[in-house]
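**Student:** Sequence first, predicted coordinates after that:
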Amino acid sequence: MRAVSTSIPDVLIIEPKVFGDSRGFFFESFNLKVFSQATGLDVNFVQDNHSRSVKGVLRGLHYQIRQPQGKLVRVVRGAVFDVSVDIRKSSPNFGQWVGVELTEDNYRQVWVPPGFAHGFYVLSDSADFLYKTTDYYVPDFERSLAWNDPKVAIAWPIDNDEQPIISIKDELGASLADAELFA
Ligand SMILES: Cc1cn([C@H]2C[C@H](O)[C@@H](COP(=O)(O)OP(=O)(O)O[C@H]3O[C@H](C)C(=O)[C@H](O)[C@H]3O)O2)c(=O)[nH]c1=O
């Protein structure tokens, strides 16, 4: 497995070593020792999540203002455009975003650190999205950042005549200027 840096140093792309043969493939989707050695991170994942979404769904951008979660995200079926936004006011990358295409065929994962808003847009007919979190879900702590804030200007791969399928909660996402942010 190797960790690949992105335009925001704390966001990492994880590329596992995949063993293919005539039966198919095998890879270790997570190995704490290997992950820690490759990333230098000391993580303790406490929750595994799995969501399935149809084409055109955009989930996010979400974060927990208290008990912020680090997330290790991947796609096991289909394809998504996955986005992390740095919402730490003290960060030199504040307000910047990283987009990574995650697919069942590229096996890629993204490490989304605490302090980031996270979301994804579904490119395939359906997508199964799996992720580990470093802290527990607490609904009262959850916040939504607007997916289409022009100040963040995420280049979502959405055709101009398309509108993403988003939840009511995400319709009400706060702009970066109005959102509760991290120090
Ligand atoms: C996140 C979560 C949700 N739920 C329940 C709450 C709702 O009844 C239902 C759907 O929740 P929600 O619409 O918030 O699900 P997503 O829109 O996929 O939320 C996720 O979307 C983006 C991509 C993220 O990065 C977050 O991890 C997470 O907020 O699952 C739980 O029971 N536990 C959980 O950890």
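**Tutor:** Arrived safely, thanks for sending.
**Student:** What separation do you get for the residue nearest to the spatial centre of the chain and Trp147?
**Tutor:** Most central in the chain under CA atoms, centre = their mean is His118, positioned 4.7 Å from the mean C-alpha point. Remark: distance between His118 and Trp147 (CB to CB, to the nearest Å) = 11 Å. In this view, the C-beta of every residue, glycine as well, is placed from N, C-alpha and C.
**Student:** joint contacts of these two?
**Tutor:** Listed as contacting both His118 and Trp147 by CB atoms under 8 Å, 6 or more residues apart in numbering are Gly60, Leu61.
**Student:** just checking, next helix/strand downstream of the helix ranked longest in the chain?
**Tutor:** Longest helix in the chain by number of residues, with DSSP state H as the criterion: helix 32-39. Elements were assigned by DSSP states H and E; along the chain past helix 32-39, the next helix or strand is strand 47-54.
**Student:** Which strands or helices does that next one pack on?
**Tutor:** The helices and strands touching strand 47-54, judged by 3 or more CB pairs under 8 Å, 6 or more residues apart in numbering; DSSP states H and E, are strand 126-133.
**Student:** Please identify the buried residues of the strand it packs on?
**Tutor:** In terms of neighbour count (16 or more other CB atoms under 10 Å), strand 126-133 has its buried residues at Ala127, Asp128, Phe129, Leu130, Tyr131, Lys132, Thr133.
**Student:** Convert the C-alpha atoms of it to PDB, please.
**Tutor:** As requested, C-alpha coordinates have been extracted for strand 126-133 and formatted as PDB (Å, rounded to 0.1, in the frame of the first residue of the first chain):
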ATOM      1  CA  SER A 126     -25.300   3.100  -8.400                       C
ATOM      2  CA  ALA A 127     -22.400   3.300  -6.000                       C
ATOM      3  CA  ASP A 128     -21.600   1.500  -2.700                       C
ATOM      4  CA  PHE A 129     -19.500   3.800  -0.500                       C
ATOM      5  CA  LEU A 130     -17.800   2.300   2.500                       C
ATOM      6  CA  TYR A 131     -15.900   4.200   5.100                       C
ATOM      7  CA  LYS A 132     -14.300   4.000   8.600                       C
ATOM      8  CA  THR A 133     -14.500   6.800  11.100                       C
END
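**Student:** which outside residues touch that strand?
**Tutor:** Where contact means CB under 8 Å, 6+ apart, the residues beyond strand 126-133 that reach it are 30, 45-55, 57, 59, 69-80, 120.
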